[in-house]
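Undergrad: next one to model:
(chains A, B, C and D)
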2 protein chains.
Amino acid sequence: MKLSTRARYSLRLMVEIARRSDGGAPVSLAQAARGGDLPRRYLEQLVIGLKSADLLRGVSGKDGGYYLARPAAEIRVGDILEAAMGPLRIVDCVEDPRECLRADFCQCRQVYALINRRIREVLNEFTLEDLARKGGLQRGMERLEGKAAVGKGSGGTAPRGRSGRTVQGEETR
Amino acid sequence: MKLSTRARYSLRLMVEIARRSDGGAPVSLAQAARGGDLPRRYLEQLVIGLKSADLLRGVSGKDGGYYLARPAAEIRVGDILEAAMGPLRIVDCVEDPRECLRADFCQCRQVYALINRRIREVLNEFTLEDLARKGGLQRGMERLEGKAAVGKGSGGTAPRGRSGRTVQGEETR
DNA sequence: GATAACTCCTACTACAATAATCGGAGTTAG
DNA sequence: CTAACTCCGATTATTGTAGTAGGAGTTATC
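TA: Residues are numbered from 1 along each chain as shown, chains lettered A, B, ... in the order given. The predicted model follows:
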């Protein structure tokens, strides 16, 4: 149930990049590592998954680094977790019955599927912007509380883009 | 994200016991193991957690075994998972800020807390009875779909007891 | 065109957790 | 008294996690 370090670091890395990528210049892992006190060498690994999920783009060479492949408001927490941890499934049999010999008569499977769906829904309601926002936390929380309280059906889980601005600068630590 | 074998086995074990405990006699691990093809020796370990969470009660001696500490409709999936895996927290800092040095300025924490709450909600909406029910799946599913689709606020997550009857007998495999 | 600061790629390693297995002591119905 | 259980404490093999290490390739700057 617990998120792996890998998952948490990936989220924090994305947050650091989101916060610092305001000036247009790519954010280096060294910067991100310092800002979020994360082991830089480890980030190098995590970044691979985030790139191939097309959440980050890399720029080689001096003054290189990474920038978000799309606005923070359009990157869902679920996207990041999926990139870091693989498919967001509570059990394999939910998607592919062949994974389980017992699939035809196992009642658990259907309940698993429903739970799994709901978890993905929550994960897709929150975006990187929610994580990266600084200040105005109180205001932010009200909005977030709303999100968390109102079950918004099962349908489209794409995040509605808003246009808050990400602040940069002041050392996070 | 994936449920551990430990967690899945615990659920299946509970299902086996629920299904077989109709006659009043306790269900032995040997029976449960055969019915759910689970390694009996391993179940002996899992049962420890389930007992101390007061979900199962043990009866020693010949014809001994285990029975549910309360009706299946009152045992939530979340209860079982918690007994099997420990506290249902996605990260430790959600409940205890001291877990994290960065707690005061970390925005993630609040979002984590909201996600965590929602996950616990889903897990507490489904009961052992939902998992153990045999036949009438179609009908069951409609009810379950309803559950999964309608976000029912954040309030009380105690399962509403219903009074379906658990079937017993016919070998599950 | 050297150099500094990066990304990028591939191993490697230490440690912890997971998924069991095993032997045997204690309990109880027949 | 014995067969069928629970109960208890070790032990083990395998995998996964978190993190390090070394170095090749890329690019702005002096």
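Undergrad: packing partners for the biggest helix by length in chain A?
TA: Looking across chain A with DSSP state H, the single longest helix is helix A:108-125. For helix A:108-125, the packing partners by 3 or more C-beta pairs under 8 Å, 6 or more residues apart in numbering or on different chains; DSSP states H and E come out as helix A:77-85, helix B:5-20, helix B:108-125, helix B:128-132, helix B:137-149. C-betas here are computed from N, CA, C, even on glycine.
Undergrad: most tightly packed of those helices?
TA: Among those, helix B:128-132 has the highest mean neighbour count (mean count of other C-beta atoms under 10 Å in any protein chain shown), at a mean of 25.
Undergrad: for chain A, which residues are neighbours of DNA strand C?
TA: A:28-31, A:44-45, A:47-48, A:51, A:58-66 (C-beta under 7 Å from any atom of the strand).
Undergrad: make it 10 Å
TA: Counting by C-beta under 10 Å from any atom of the strand, the positions of chain A adjacent to DNA strand C are A:1-2, A:17, A:26-34, A:40-45, A:47-48, A:50-52, A:56-66.
Undergrad: which of those count as buried?
TA: With neighbours counted by 16 or more other C-beta atoms under 10 Å in any protein chain shown, those contain buried members at A:1, A:17, A:26-29, A:31-33, A:43, A:47, A:50, A:56, A:65-66.
Undergrad: Three-state assignment for the residue in chain A positioned nearest to DNA strand C, please.
TA: Residue of chain A nearest DNA strand C, by C-beta to the nearest atom of the strand: A:Gly58 (2.6 Å). Under DSSP: H, G, I helix; E, B strand; the rest coil, the three-state class of A:Gly58 is strand.
Undergrad: check the residue sitting furthest away from the middle of chain A and give its pLDDT.
TA: Taking C-alpha atoms, centre = their mean, the residue of chain A most remote from its mean C-alpha position is A:Phe105, at 35.2 Å. A:Phe105 is assigned 73 on the pLDDT scale.
Undergrad: you'd agree it is in a helix?
TA: No: counting by three-state DSSP, A:Phe105 is not found in a helix; it is coil.
Undergrad: next one: it from B:Ala32, what distance?
TA: A:Phe105 sits 16 Å away from B:Ala32, taking C-beta to C-beta, to the nearest Å as the criterion.
Undergrad: likewise for A:Val47?
TA: Taking C-beta to C-beta, one finds A:Val47 at 46 Å from B:Ala32.
Undergrad: please apply the same query to A:Pro97.
TA: Taking C-beta to C-beta, one finds A:Pro97 at 23 Å from B:Ala32.
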